[in-house]
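Enquirer: What follows is a predicted protein model with its sequence.
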Amino acid sequence: MKKITLFTLCLICLSGLAFAQKHDVLTQRQQATVVDQWLNERIENILPELMDRADIDMWVVISREYNEDPVIRTFLPGTWHAARRRTMLVMYKAPNSTEVETLAVARYDVGKAFKKAWEPETQPDQWKALIDLIVERNPSKIGLNISDNYGHADGLNVTEYNSFMKYLPDGFHDRVSSAEKLAVGWLETRTPSEMATYRHIQSLANSIIQEGLSEAVITPGVTTTEDVQWWYRERIKELKLDTWFHPTVDIQRPDASSKEHLRSFAVNADSQVIMPGDMLHIDFGITYLRLNTDTQQLAYVLKPGENEVPKYLVDAFKVGNRLQDILTSQFKTGRTGNEILRETRRIMESEGINGSIYSHPLGTHGHASGPTIGMWDNQGDTPGAGDYPLYPNTAYAIELNAVVFVQEWNKDVRIMLEEGAFYDGEKVIYFNGRQSEIMPIPRKQFYLKN
């Protein structure tokens, strides 16, 4: 039996303490303050330009409590979790103005960003109050959240739409249009402050992933993949974070008769006991400060006598990294998601790489709005969302897989990777780097000598 000295125990405790300190999560009060600061910064610095780009001078967002428009959630203050009663937000950019007027046709101020613009005692009809405000400002184009291509931008329900059009004077009807491009632009565009924090958020996610895919959680021959999934759920709650989907952990193993590399992504893998020689794959995301991560990484359980990941898996993993490089090299401002996909596939096929590309925008939603770059079940054009162009200051989950034949296993192995990244207009920058090596279980730093 290995003997653990007091010195070694101290090192382990210090290592655990240092690891815990990485998880520096703000209090709920602090988070609300940051959310409000970011909202004001976004309204002041990016909304005017986005409204000009979309050629919309008035944006009207209407939502009822418990049936919230996805966009309205991004305008609510840090102390609000939903709309109240019927909440109407109006954003108006007057001709030649560099600022956007933000008003709430509601019984309350909506945070500090939207000032109350309705007095029920004077005008009991909320719809009439909204229309009076619109007529007074006389906008050229009124944007409503109606969209064929993005659920995020299609939050105006039919009841609200019908009421709006009923009250709106006939002379204004031809000024109403879809706010799809404005809504997508608002949701996808990140500010410098948000991006400065996104690296920290991704580092939190990576640290949790690494903790779960380690001997601290996994006992080969005992622990199941489902055990690890639920450990992640509990760990996320312990750290006072949220997740936007249930994490998944699945296995590829050196058994030529098993066909896990052919499993459809539409079907979750059955729970399995984790054994030495298994390659583990995790799909994991957290939500913090209203931003989301989406990450897929790989680990390998060392077999007796092994001190490192086998070279054949190391080499296979390099193909996945190469495919990432090909994809990110094709990010060019103005290219559509479909164009990026086509050019990426042309290059990967010329290099003899077999795989799939299914990357997506990332931000206030996990599967966010912006250019779709392939789908796992469609490697051709995606009409609508795939035709949307790439803009600077946007974030993406660089998601893909490379299929590599591993002779030692006599089967194909899927190198499934996903990393959060930022496009600054010239290049793609990973939030917190990317996985460049398969994580061994156990890690060398935990080895104890006789």
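Expert: Good, I have the coordinates. Numbers count the residues shown, from 1 in each chain.

Enquirer: And the contacts of stretch 124-144?
Expert: With contacts defined as C-beta atoms under 8 Å, 6 or more residues apart in numbering, stretch 124-144 is touched by 54-60, 86, 88, 90, 92, 94, 103, 105-106, 117-120, 123, 156, 161, 163-164, 167-169, 172, 175-179, 182-183. Where you see a C-beta, it was placed from the backbone N, CA and C, and this is true even at glycine.

Enquirer: I'd like to know which of those are buried.
Expert: Neighbour counting by 16 or more other C-beta atoms under 10 Å classes 54, 56-60, 86, 88, 90, 92, 103, 105-106, 117-118, 156, 164, 167-168, 175-179, 182-183 among these as buried.

Enquirer: what about residue 70, how many residues close to it?
Expert: For residue 70, the count of nearby residues is 19 (other C-beta atoms under 10 Å).

Enquirer: For it, give me its contacts.
Expert: Counted by C-beta under 8 Å, 6+ apart, residue 70 has contacts 151, 152, 153, 155, 187, 365.

Enquirer: What segments of the stretch 251-400 of the chain are strands?
Expert: Here the stretch 251-400 of the chain has its strands, by DSSP state E, counting those that start in this stretch, at 279-284, 287-288, 291-292, 295-301, 354-357, 360-361, 394-406.

Enquirer: Need these in CSV (columns: distance to residue 311 and mean pLDDT).
Expert: Below are the strands of the stretch 251-400 of the chain laid out as CSV (distance: least, C-beta to C-beta, whole Å; pLDDT from 0 to 100):
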stretch, distance to residue 311, mean pLDDT
strand 279-284, 14, 98
strand 287-288, 37, 97
strand 291-292, 35, 97
strand 295-301, 12, 98
strand 354-357, 20, 97
strand 360-361, 33, 97
strand 394-406, 11, 97
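
Enquirer: ok, the residue lying closest to residue 375 once chain neighbours are set aside - contacts?
Expert: The shortest distance from residue 375 to any non-neighbouring residue, by C-beta to C-beta, 6 or more residues apart in numbering, is to residue 358 (5.4 Å). Residue 358 makes contacts with 373, 374, 375, 376, 399, 400, as judged by C-beta under 8 Å, 6+ apart.

Enquirer: Quick one: the helices in this structure, in order.
Expert: Under the criterion DSSP state H, helices of the chain are mapped to 6-22, 28-45, 47-54, 126-137, 158-167, 180-188, 192-212, 225-238, 311-329, 337-350.

Enquirer: Quick one: closest of those to residue 110.
Expert: helix 28-45 (10.2 Å; C-beta to C-beta).

Enquirer: Now do that closest one and helix 47-54, the angle between them.
Expert: Calculated by axes from the mean of the first three to the mean of the last three C-alpha atoms, to 10 degrees, helix 28-45 forms an angle of 50 degrees with helix 47-54.

Enquirer: Let me know which of the helices of the chain is tucked in deepest.
Expert: Burial of the helices of the chain is given as mean neighbour count (mean count of other C-beta atoms under 10 Å); helix 180-188 ranks first at a mean of 24.
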